[in-house]
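# Okay, here's the prediction I keep looking at, along with the sequence it came from:
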Amino acid sequence: AEQTFIMIKPDGVQRGLIGEIISRFEKKGFYLKGLKLVTVDRPFAEKHYADLSAKPFFNGLVDYIISGPVVAMIWEGKNVVLTGRKIIGATNPSQSEPGTIRGDFAVEIGRNVIHGSDSVESATKEIALWFPDGPAEWKSALHSWIYE
Ligand code: GTP
Ligand code: MG
């Protein structure tokens, strides 16, 4: 099944949004296959956001991501990469719809609470970077009540 990498950024952790965010993915019908609270160092954050290294906001972005612990997660389910991005909402919270995580809980693009992989390819790379031991193996007893 498809998997994505989701990270609650340091502002989301500080603001007590961990439970709320996990709850939204859980209630949707996705399965949690990896979870850790971790503070990453600068080289690691630069690797995670390597595609953005030429952007003017890159150093500020890395400062933000290393400013405290983040919650790194693997979520699994049908179309979870794209649907996860919809649950998260637009990058700039000024444009995120109410009902999305960023629409409900964020104001600034540089404090937008959560990250989600933008494609299946990125998800594969990010999961390998953050979870070198791979995902947990378990199957929900409710599976057939959520998936046809
Ligand atoms: P992520 O899920 O965090 O990867 O966000 P995204 O895929 O919606 O956006 P993108 O990958 O383009 O940018 C990564 C992160 O960089 C964003 O989530 C923002 O926190 C930050 N960012 C992007 N654009 C800007 C910008 O113009 N200014 C600032 N300050 N930060 C930005
Ligand atoms: Mg991105």
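Ah, there it is. Ligands and ions are numbered 1, 2, ... in the order given.
# Any buried residues in stretch 81-97, and which?
Burial within stretch 81-97, assessed by neighbour count using 16 or more other CB atoms under 10 Å, is assigned to 81-85, 87-90, 93, 96. Backbone N, C-alpha and C define where each C-beta goes, glycine included.
# Those into TSV, with extra columns for pLDDT?
Below are these laid out as TSV (pLDDT from 0 to 100):
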residue	pLDDT
81	98
82	98
83	98
84	98
85	98
87	98
88	98
89	98
90	98
93	98
96	98
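# Pick out the most distant pair among those.
Spanning the widest gap among the buried residues of stretch 81-97 are 81 and 93, at 20.8 Å by CB to CB.
# For residue 97, which non-adjacent residue is spatially closest?
Closest residue in space to residue 97, ignoring its immediate chain neighbours: residue 103 at 4.8 Å, by CB to CB, 6 or more residues apart in numbering.
# for the one you found, what are its contacts?
The contact partners of residue 103, by CB atoms under 8 Å, 6 or more residues apart in numbering, come to 89-90, 93, 96-97.
# Relative to ligand 1, which of the residues you listed is nearest.
Minimum distance to ligand 1 across the contacts of residue 103 is 7.2 Å, recorded for residue 90 (CB to the nearest ligand atom).
# okay but the closest one is in contact with residue 96, surely?
Yes - at 4.4 Å, residue 90 and residue 96 qualify as touching, with contact defined as CB atoms under 8 Å.
# Mutual contacts of the two, please.
With contacts taken as CB under 8 Å, 6+ apart, the residues that reach both residue 90 and residue 96 are 102-103.
# and the residue nearest to residue 97, helix, strand or coil?
Reduced to three states with DSSP: H, G, I helix; E, B strand; the rest coil, the structure at residue 103 is helix.
# so how far is residue 124 from it?
For residue 103, the distance to residue 124 (CB to CB, to the nearest Å) stands at 28 Å.
# before we move on, what about residue 109?
Here the distance between residue 109 and residue 124 works out to 26 Å (CB to CB).
# cool, residue 61 as well?
Taking CB to CB as the measure, residue 61 and residue 124 are separated by 22 Å.
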